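Peer 1: dropping a prediction and its sequence here:
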Number of protein chains: 2
Amino acid sequence: MDFKPVKTERIFENIIQQIKHNIYNGNFSKGSKLPSERELSNILNVSRASIREAFSALEILGILETNPGGGTYIVNNVSKTTIEIMSLALALENDETEFIELRKILESESAYIAAEKQDAESIAEMKKYFEMMSVELDEEKNTCADKNFHRALCKATKNKLLCDIVEALSVGIDHYIKNARQQLMGNPRNLEFLYQQHKNILKSIEDGKPEDARRNVIEHIDFVQEELKKLKNTEQF
Amino acid sequence: MDFKPVKTERIFENIIQQIKHNIYNGNFSKGSKLPSERELSNILNVSRASIREAFSALEILGILETNPGGGTYIVNNVSKTTIEIMSLALALENDETEFIELRKILESESAYIAAEKQDAESIAEMKKYFEMMSVELDEEKNTCADKNFHRALCKATKNKLLCDIVEALSVGIDHYIKNARQQLMGNPRNLEFLYQQHKNILKSIEDGKPEDARRNVIEHIDFVQEELKKLKNTEQF
DNA sequence: GATTATATGATGGTCTGACCAGTTTAGATA
DNA sequence: TATCTAAACTGGTCAGACCATCATATAATC
């Protein structure tokens, strides 16, 4: 036998479905104006409260935008939203390994693509942040430069979706390891390692060596993951 | 000058923030029961309607679950939600290239990992669906087997997050190319190619050749993308 | 006393109607 | 025609009501 729990669909979910279908059908696209809440509540024969429950959900998803006095419009801020959601999911899961593994895949492949594409702009950006890292000793600024280095790396792929997902993963992971990162960066020996790793990544991309670039990123992330694991194990004290 | 548009935070957004913070703080975790809507509206000194707007949004995100008569609980169905959202984002963007590129990265890397890990169960599953594909000529079942083959491939990584994201991408892409796929599968010549490609992927994984597996998946996806592009260009007629 | 049936209260789901603060729009004015 | 102004409309919020469902405490049964 194969039973599924009966999930009575609520009105606001039905409304969301209808709006989604209108998006898939092409009736709604970016910039489309939706009927006003009152109007829609007449059309669908439901209360305005239900309309608003649906709208607030879709707004959180980044599907639509409300302008008081103006109206409600279809937008696409989905990727921006995804960051927050993934971050939350990680907080709920309490296990960062899958996130880090995924990030490793995406960043290493980004490096591969970056080395192939040889986009001068991105490389210049990476170089900029790498130099910041090497001279700047302030921990916060160093961290910031580090993050921007990795952002530039992803940007080199020219794939915004990929960038957004990696960003989402990074934010989620950072949120999760917040303390551990400080300890990691606090150790001068680690800083030296990290410096060298970034240098290797940058060089292989500049030299147009995709395979090397990929390998260097993997080594870098593996190193970080290893160190984090060590810190975690000694956290007991 | 650098100005940002003033976005007055609405009450339901504030409530969402507070709930999120309680998740990050660890006050809420999977299974936690939230105060009832009436109770929370008293605590926060806002109307029940605002609470419900926040709750409906978080429920759509897969963060919480409401049980009529029961109560409201923290859950984690985020990955399930992500599928729908990405699918919508693709419908809004009207450009599948970034999605396909990302899928290529994730699936090719999955193949690499699969060939390394040599998980008997996953390989058996892939084999099963591959054989379905080869003998079954019914277009719908063939498509189904195809999808399951790729699912099994991702499952071999043992990374659920990765699987969910690939699934999200696939659903989104399928939704987008619905007609094109039928045309693609309708051509016997293409079917022959696809059969051979899947055979190669499976073999390289069975033989434990990560590099080959990765390359074979890339070739496969590139082939599909190329054919789709051709179909799109001749769509005018 | 243990078990079952029942009634009570709590919970989410929905609706109505109201008020406010902005934005739009159309009409009045110059 | 251009400008100003008032009315109409829009989203944001609230209070209070009703329903169906669920959980629990109480009462009736064995």
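Peer 2: Perfect, I can see it now.
Peer 1: assign a three-state SS to the closest residue to A:Glu59 other than its chain neighbours, would you?
Peer 2: Nearest residue to A:Glu59, sequence neighbours excluded (CB to CB, 6 or more residues apart in numbering or on different chains): A:Thr66, at 6.2 Å. Where you see a C-beta, it was placed from the backbone N, CA and C, and this is true even at glycine. Classification of A:Thr66 by DSSP: H, G, I helix; E, B strand; the rest coil places it in strand.
Peer 1: residues contacting A:Thr66?
Peer 2: Residues counted as contacts of A:Thr66 (CB atoms under 8 Å, 6 or more residues apart in numbering or on different chains) are A:Phe55, A:Glu59, A:Thr72.
Peer 1: between those residues, which has the most around it?
Peer 2: Counting neighbours by other CB atoms under 10 Å in any protein chain shown, A:Phe55 leads the contacts of A:Thr66 with 26 neighbours.
Peer 1: and that one, which helix or strand is it part of?
Peer 2: Element membership for A:Phe55, per DSSP states H and E: helix A:48-61.
Peer 1: and the residue sitting nearest the centre point of chain A, what helix or strand is that in?
Peer 2: Centroid check for chain A by CA atoms, centre = their mean gives A:Ala168 as the closest residue, at 1.7 Å. Using DSSP H and E, A:Ala168 sits within helix A:160-186.
Peer 1: show me what that helix is packed against.
Peer 2: helix A:78-93, helix A:97-117, helix A:139-155, helix A:188-206, helix A:210-233, helix B:97-117 (3 or more CB pairs under 8 Å, 6 or more residues apart in numbering or on different chains; DSSP states H and E).
Peer 1: the domain parsing of chain A - what is it?
Peer 2: As given by automatic domain parsing, the domain ranges for chain A are A:11-76, A:80-233.
Peer 1: would you list those domains in TSV and tack on distance to B:Ile43 and mean pLDDT?
Peer 2: As requested, these are exported to TSV (distance: least, CB to CB, whole Å; pLDDT from 0 to 100):
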stretch	distance to B:Ile43	mean pLDDT
domain A:11-76	20	95
domain A:80-233	22	89
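Peer 1: so which of these gets nearest DNA strand D?
Peer 2: Nearest to DNA strand D, of all those, is domain A:11-76, at 3.2 Å by CB to the nearest atom of the strand.
Peer 1: the closest one and DNA strand D in contact?
Peer 2: Yes: in terms of CB under 7 Å from any atom of the strand, part of domain A:11-76 sits within range of DNA strand D, namely A:34, A:36-39, A:48-49, A:52, A:55, A:66-72.
Peer 1: what subset of those residues is buried?
Peer 2: A:Leu34, A:Glu37, A:Arg48, A:Ala49, A:Arg52, A:Phe55, A:Thr66, A:Thr72 (16 or more other CB atoms under 10 Å in any protein chain shown).
Peer 1: state the helix or strand in which the last one lies.
Peer 2: Using DSSP H and E, A:Thr72 falls within strand A:71-74.
Peer 1: hmm, who's touching that strand?
Peer 2: Contacts of strand A:71-74 (CB under 8 Å, 6+ apart): A:23, A:28-34, A:36-37, A:55, A:63-67, B:92.
Peer 1: quickly run through the sheet partners of that strand, with directions.
Peer 2: Its sheet considered, strand A:71-74 pairs with strand A:33-34 (antiparallel), strand A:64-67 (antiparallel) by DSSP bridges.
Peer 1: can you tell me the SS state at A:Lys158?
Peer 2: Of the three states, A:Lys158 takes coil under three-state DSSP.
Peer 1: that one against A:Glu116, yeah?
Peer 2: No: A:Lys158 is beyond contact range of A:Glu116, at 11.5 Å (criterion: CB atoms under 8 Å).
Peer 1: residue of chain A closest to DNA strand C, please.
Peer 2: Taking CB to the nearest atom of the strand, chain A has A:Gly69 as its residue nearest DNA strand C, at 2.2 Å.
Peer 1: please tell me how far that residue sits from B:Thr8.
Peer 2: Distance from A:Gly69 to B:Thr8, counting by CB to CB, to the nearest Å: 12 Å.
Peer 1: same thing with A:Ile63?
Peer 2: To B:Thr8, A:Ile63 is 20 Å away according to CB to CB.
Peer 1: how about the nearest residue to A:Tyr24, chain neighbours excluded?
Peer 2: Nearest to A:Tyr24 is B:Ala91, by CB to CB, 6+ apart, at 5.3 Å.
Peer 1: can you pull the residues of chain A lying near DNA strand C?
Peer 2: A:10-12, A:41, A:45-50, A:53, A:67-70.
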